[in-house]
Every structure is written in structure tokens, then in C-alpha cells.
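Chemist: sequence first, predicted coordinates after that:
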Amino acid sequence: MKSGRSGSTNRAESPFTTIGSCRLAEPVRYPDRPEHALAEAVIFGYRDIIMNRRLKPLILTAFATFSTASVADVNPESKLPSLHQAVIAGDLAQVRTLVESGADVNQLDRKMGNAPVHIAAQSDHPEILKYLLDQGAFINLQTPRSGFTPLMKASWYSKAENLDVLFGYPELNIELTTRVGAKAEDMVGGWDRNIEPHEARLYEQLKQRFVAKRDEQQALLEGQHILNTLDDTTLSSAEKASRIKVLLEQGADVNQRRPVFSNRNDWHTPLLVASREGDTEVVKVLLEYGADQTITGYPMNAIAMHKAAYMGHPEILKLLVNDRLADRVLNDQGPNNGYTPLHDAIWHGNAESARVLLEAGADTSLKTYEQDTPEALATRYRYESIEASFKE
């Protein structure tokens, strides 16, 4: 998808401010470290920033700082950034200091593509692993070379305490595989076959955690009657709505969420699914019973309004923009590309959906990470009927 929270752009995400017609990488994540902002500009290919004459003083200052600070941040022998080094050293205080100073918890090293969370998962410092996850480290992040996740690292090195930490997060996906098709549970003990009896017992205990997790997920799936009703392709939208209303009257959780197991409904609520699939009657019932449209799905962090706009469901959008929580999400910009629901509707040429959002007061000045306003998107894709809506 190319939606606000449900898609991706050609460039990695980066915060921006606008100076005249020039985009300036803003060092929001790097307080007092403009050299990192400049590094972002280089990495993301923003030539207009690097070459802009008005920014020459900042650039010269940044380069001077970069030569004395950022280069020193990487160990010349290990080629590892400071945060990776602090994790290896087991220094939680230093890890905190670096993260609070703007270090990227999802930065990959240049040698193996490990993020700090991968290193923490194979270490003897579960407190560092938990801290990184709580600070936004991607729990299911796969390394580019091998496809290892933090869970696979913890399994390979048989780190029981780290497995305890990881299994405590509902977003954990135990079904992911490496480049050669191995799952985390297959990797317990590092495939070592020359093991002592006590090691065999430990490995079996660790593997049982995966069995228990899968059983837990299956039980959860079977008990999610609202989501199961939505998945029933033999029912019409009206029939689904009728059954779901009964379930809600019986006390079912309107915001129940699917477990994460590599499915398109991972961590989705009924409202997210119904908004994407166009089940208008279901959406109406869910909102009547207090469904929260600010909740996002996994892994793209899309909200219901993004999904309805992207898929072209104007009737559902009418319900969402009149909901009690509409003001909190009408102009929500997704973390992947900065798309609002209005951007999503326009990108797919959904004129009626765009009109609903415009009439609801959607902000037409907001820009994507590529600096496109909603009207600019309409012009680029030559959606004349949508362009006309901006002139009404």
C-alpha cells in the first residue's frame, strides 16, 4: 500500500521542515547534533539541501561537527556505532544516554546488518533488551543478510531471560523465517547436536515456550467471535452486522485484536478490518458500541480512516468523520510516508472519498515526506475531478 500508515515511499522516513522551497532535514531525533541531520540528507539523496547556498553556514558547521563527533561514534575496528557498542558492553546507563541524545534504536551496523536489539537479544542483559523495545526498537526486525529476528538471536544463543522479555510483547511474531526457511523455535541451541543431557533439557524447555505461545494464539483466535464473523465470507455485510451486534450486547470486546502471526489482519481490530473491507453496516454497529478508530494495525500502523480512504469506501468515511474521535485522526500522517487519509484517497483516485474528507475539514496544506500536498498529488496523477474539488 501507499497509504499514510499502510504503505511505503521511495525514501526512508525522515522528519522535515520547510525553508522557502528547500527541504531541511530537521534533527528532531538528534538534539544539538545537526551533523546527523546532514547525514540524513546525504543518505536520502536530498541534493537540494546539500547544495542550497542559503544553508552553507549550517552545512559547514555540520561537517565540522561530523568530522569530530560522528566519525568517532563508530569504532574503527569493529565498525559498530556507539549504541551497538554500549549494548555489547552491557552498559544500560550509556544506552539510555545515547538513546535520549537521539541515537536511532533501529540503526543497522554496516557489517552484518544487526540493530542494537539483535545484539541485546543474544546478550546476558535482558534489561537492555526491554529498554530498547520500550523505546521503539522493532521486535520483529529481520537482518538483511540472514533474516534473523531478535527472537531468533535469543533462541540461537539459548537466552531464556531474553525469551521471557520477547514473549511479553503481543506484537511478537513467532512464525517469521530466515532466508533459509528456519523459524526461531528451530534455532534453539544453535543447531548444536553434540549436547549434554542438561542442555537437551534446557533446549526442550525453551522450545515448549513456542508451543505454549502458539496454543495461546489459537485459543485467542477461537474466542474472537467478532473478528471470526468478519472473516466469514458466506455472510453478507448486513448479516455480519446483525451477528456482531448480538455479540457486543453479550459483552464481546469491540476493540479485540488479532494476534500477530504473519496475517493481513495482524494486530487488527474489527473496525480496521471492516473499514478496509467495506462492511459499512458493521462499521456503523462498531462505532455505536464505542470502537476506537485511533487504534492502528500491524505492521504498517494504519488507522481505520486511512484504510477506508485508500480502498475507496466513502460511506464508511462519512461514519468515521462524524465519530467522537474523528478530530484526533482526520489529519493523521502515517509514519511511513506522511500520508493523511486525504492523500490516500487522492492517490488512488477515489474522488468521492476525497470529497467526504474535504467537507469534513481535512487539512489541505499538510505535506508528505516527499513534500506533496493533497492537491499536488491530484495534479500529478491528473485526477481532474479531484482537482476541481479544491476549487469549489
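Modeler: Perfect, thanks for sending it. Numbers count the residues shown, from 1 in each chain.

Chemist: would you map the strands across this protein?
Modeler: Using DSSP state E, the strands of the chain run over 16-19, 22-25.

Chemist: in the protein, where is pLDDT below threshold?
Modeler: By pLDDT under 70, the low-scoring segments of the chain are 1-73, 75.

Chemist: quick one, domains of it?
Modeler: Using automatic domain parsing, the domain parsing of the chain gives 16-73, 82-103+105-218, 224-389.

Chemist: helices along the stretch 101-250 of the chain, start to end?
Modeler: 116-121, 126-134, 150-156, 160-167, 197-223, 225-230, 237-249 (DSSP state H, counting those that start in this stretch).

Chemist: pull out the buried positions in the longest one.
Modeler: Of the residues in helix 197-223, those buried by neighbour count under the rule 16 or more other Cβ atoms under 10 Å are 202-203, 206-207, 209-210, 213, 217. The way it works is simple: take the backbone N, C-alpha and C, and place the C-beta from them, glycine included.

Chemist: same deal with the last one?
Modeler: For helix 237-249, the buried set under the neighbour-count rule, 16+ other Cβ under 10 Å, comprises 237, 240-241, 243-245, 247-248.

Chemist: mind listing residues that contact stretch 136-144?
Modeler: 105-106, 108, 112-118, 133, 148-151, 166, 169, 171-173, 176, 260, 299 (Cβ atoms under 8 Å, 6 or more residues apart in numbering).

Chemist: of those, just the buried ones, ChimeraX syntax please.
Modeler: In ChimeraX syntax, the buried subset of the contacts of stretch 136-144 is picked out as below (16+ other Cβ under 10 Å):
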select :105,108,113,114,115,116,117,118,133,148,149,150,151,166,172,173,176,260,299
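
Chemist: now Val117, nearest residue through space, not along the chain?
Modeler: In this structure, Val117 finds its nearest non-sequential neighbour in Ala137, 4.0 Å apart by Cβ to Cβ, 6 or more residues apart in numbering.

Chemist: burial count for that neighbour?
Modeler: Using other Cβ atoms under 10 Å, Ala137 has 22 other residues around it.

Chemist: closest to Gln256 out of the buried residues of helix 197-223?
Modeler: Nearest to Gln256 among those: Gln217, at 13.2 Å, using Cβ to Cβ.

Chemist: give the contact list for the closest one.
Modeler: Neighbour list for Gln217: 259, 261 [criterion: Cβ under 8 Å, 6+ apart].

Chemist: could you rerun that using 6 Å?
Modeler: Pro259 (Cβ atoms under 6 Å, 6 or more residues apart in numbering).

Chemist: who touches stretch 290-307?
Modeler: The contact list for stretch 290-307, computed with Cβ under 6 Å, 6+ apart, reads 3-6, 171, 254-255, 260, 266-269, 271-272, 275-276, 320, 323, 325, 328-329, 332, 335, 341, 344.
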